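*Asks:* got a predicted structure plus its sequence, pasted below:
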Amino acid sequence: MAKQSKDEKRTKKKKQKLKNQRAKKAAMPAILRRDPLLAEALRYHHPLHSCLINENWQDMKIATIFIVRKTPTGLVMVNFLVDLLGVGLKEIGGDYGFTLNEINSFESQSAEEDFPLESCDLPFASSIIHGGIAWAKKWGIKLPGDYNVWMRILDPLDADEINLDLFGDAGKPLFMFDEDDDFLFDELLIDLKILKDLFEIGEGGPSREQLERIGDIKGALIEFAMSPEFKENFNKANLEYFKEAKNPGDMETEELVSFLDWYILEWKSEFEDTFSDRFVATHGDLMSRDVREMILGWRDVIDGIFEVKGKRPHGYHMKNLINEREYVVYPTVSMAEASSFEIGDFINARVAPIGDFHTFSGIVTKIPCDGSDKERGYIYRIALETQILHPRKAFKDNEEKLKASRDMLQKNYNNFIDYFGTDELSGTGKEIAQKYQDFLRYDVFQKRDPETGLSKAEKYEREEGKTYNLPQVNFPETLLKQSGVGMLFDPAEGISFLEGYDLFVDIFSNPDRYIGSFLRKRKMKDIIMDYLESDSISDIPFRKMAKIFPDNFERVIEYVLDWDGFSFDMIGELMRHYKPQTFDKLPTYVAVLDSEMIRFAHVGEE
């Protein structure tokens, strides 16, 4: 082989050096290739000018940190947005070439815009920023693009110097993201080993280790539900829960956690499956039978106002004042706020079933109470009002209460028929209001129980030792001013009051009067669509019209909805589309079975 000359060696070295420089440049982030001066400005050896943080970062759990250094090209400033409850380092960016006046003006403007900044020790600020990165990596959360570029302004930090105690809620992230943000997960990180082993729970209840595992399994379900493929589901559930799209970042912590617990355990897709169903379908072959049953059981989470009746190792014996059932409930190990209740305490909570016991799920809040009978009575009355407003919660997990309520509703329906001779009345708003008050007076003071011979008022007086006063019913002004109001009593649903019922009935009894007139056609469509789309009107008025005027019913619905070939026997299909909630009817009358509920609900009444 020919020996290389000195010139050839020199040329080869130059080519290699140029090649190395090009490779080094190509390896640099694009932002630094475009702006080489930025790389120099971001070096952490430049003197520190200031380190600032928003004053209320501890309350907000959001830290906005500004690092400013002095460089030969002016001041360089980098802004770090760290979400301490959720995703860790969320946003990062900056620029160089600032003047001192510009930095001072920025600080003043922040204070004027109600976002005051305060000085912060650089090592502490650096620990929050590095912690935000470590937190995101721990949970597999996507970090901002080119974050390594901007991190050059900070001294490197060893892993053992990073403290994650500031982050998350009970050691886990709460995910706050904007609807327009990219979804936060790069990939799902679930330790599937926690799903395999059987639960062998003794008679004394679950151990702390088992409660910790239950919490880990719930965490795996949460991670599954928050994976990228379900972002569209999240947005749909958000709209369904809040009635309008709501940015999770704008929610209070309790509101967000309550929504997420409902979304993950109870929300159903268009295929009628929950995330428990999907999780089991995806990973069921890795689960032991009892773990699979436990996860599916979480679909039956129970809302309630609970009274602590007794304490157990690691848990409580509690009565739910909403459905009048008693439960043994345990907090998972991470729920420190639910581990110090005393007998007599009242708690707002949700509980999820696990075999013969339950665990708290989501937000757990202690209700202030001094222990007096008067305050207990006040809480019991709130529970009774909740039963009436939310009968689905009252009947959940209590078939006896549901049956008693249906029996009571049937009796009241029979009394209504006895008094009026029909289950449907119409008149002006004031006339209907008076008729309803008259019926209540008859039902309470005149109608007698065939077994005891007593009226409801007399029975109350004997049991409570005081006179029963019939409450005045306050009807909406809009209803009282109506010329045509309907009062309908359905034995499976209860009493409903319908505004504009005279016109509704007239449309089906005389459709030609409306179809033949341009103005009346518009009126007809408006009334029918208002009734169909109203959440407060059930299927009852439509089923009545279909039964009384079957031919006219077909004509009206076919015309209003432009539904060719509609027939009155298709009413089930019609109602399933517009009134799906009416296929699972619950009585609006709620029977109270618990004697303690009845007794304490009257304590301290005005």
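*Replies:* Okay, I see it. Numbers count the residues shown, from 1 in each chain.
*Asks:* buried set for the helix or strand where Leu221 lies?
*Replies:* Per DSSP states H and E: Leu221 is located in helix 208-225. Of the residues in helix 208-225, 210-211, 213-225 count as buried by neighbour count, 16 or more other CB atoms under 10 Å. The way it works is simple: take the backbone N, C-alpha and C, and place the C-beta from them, glycine included.
*Asks:* mind listing what Asn238 touches?
*Replies:* 179, 245-246, 248, 259, 263 (CB atoms under 8 Å, 6 or more residues apart in numbering).
*Asks:* dump the residues you listed into TSV; add neighbour count as well.
*Replies:* Formatted as TSV, the contacts of Asn238 follow (neighbours: other CB atoms under 10 Å):
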residue	neighbour count
Glu179	14
Ala245	10
Lys246	16
Pro248	18
Phe259	20
Tyr263	22
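*Asks:* in CSV, list the residues you listed along with secondary structure, distance to Trp57 and pLDDT.
*Replies:* Output for those, formatted as CSV (DSSP: H, G, I helix; E, B strand; the rest coil; distance: CB to CB, whole Å; pLDDT from 0 to 100):
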residue, secondary structure, distance to Trp57, pLDDT
Glu179, coil, 24, 41
Ala245, coil, 27, 80
Lys246, coil, 23, 83
Pro248, helix, 19, 77
Phe259, helix, 24, 91
Tyr263, helix, 28, 94
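*Asks:* skip the chain neighbours and tell me the closest residue to the residue positioned nearest the centre of the chain.
*Replies:* Centroid-nearest residue in the chain: Phe259, 1.6 Å away (criterion: CA atoms, centre = their mean). Using CB to CB, 6 or more residues apart in numbering and skipping residues adjacent in sequence, the residue nearest Phe259 is Tyr241, 5.5 Å away.
*Asks:* the one you found contacts Tyr263, doesn't it?
*Replies:* Yes. Shown here, Tyr241 and Tyr263 form a contact pair, counting by CB atoms under 8 Å, at 7.1 Å.
*Asks:* isn't Leu174 right up against Glu255?
*Replies:* No. Using CB under 8 Å as the test, Leu174 is too far from Glu255 to be in contact (11.3 Å).
*Asks:* out of these two, which sits in the more crowded spot?
*Replies:* Between Leu174 and Glu255, counting by other CB atoms under 10 Å, Leu174 is the more crowded of the two (20 against 15).
*Asks:* pLDDT wise, what is the nearest residue to that one once chain neighbours are set aside at?
*Replies:* Of all residues not flanking Leu174 in the chain, Leu85 sits nearest, at 4.7 Å (CB to CB, 6+ apart). Confidence at Leu85, expressed as pLDDT, is 87.
*Asks:* SS state for Leu85?
*Replies:* Here Leu85 is recorded as coil under DSSP: H, G, I helix; E, B strand; the rest coil.
*Asks:* circling back to that earlier point, ok, now which ones touch the residue nearest to the centre of the chain?
*Replies:* 238, 241-242, 248, 251.
*Asks:* specify which member of these is nearest to Phe475.
*Replies:* Closest approach to Phe475 among the contacts of Phe259 (CB to CB): Phe242, at 29.1 Å.
*Asks:* tell me how far the nearest residue to that closest one once chain neighbours are set aside lies from Trp135.
*Replies:* Nearest non-adjacent residue to Phe242, counting by CB to CB, 6+ apart: Phe259, 7.6 Å away. For Phe259, the distance to Trp135 (CB to CB, to the nearest Å) stands at 22 Å.
*Asks:* neighbouring strands of the helix or strand where Val78 lies in the sheet, and parallel or not?
*Replies:* Using DSSP H and E, Val78 sits within strand 74-83. With DSSP bridges as the test, strand 74-83 is paired with strand 62-71 (antiparallel), strand 88-98 (antiparallel).
*Asks:* buried set for the helix or strand following the longest one?
*Replies:* Where DSSP H and E defines the elements, the next helix or strand beyond strand 88-98 is helix 100-112. Of the residues in helix 100-112, 103, 110 count as buried by neighbour count, 16+ other CB under 10 Å.
*Asks:* hey, where'd the strands end up in the stretch 101-250 of the chain?
*Replies:* Taking DSSP state E, counting those that start in this stretch as the test, the strands found in the stretch 101-250 of the chain are 117-119.
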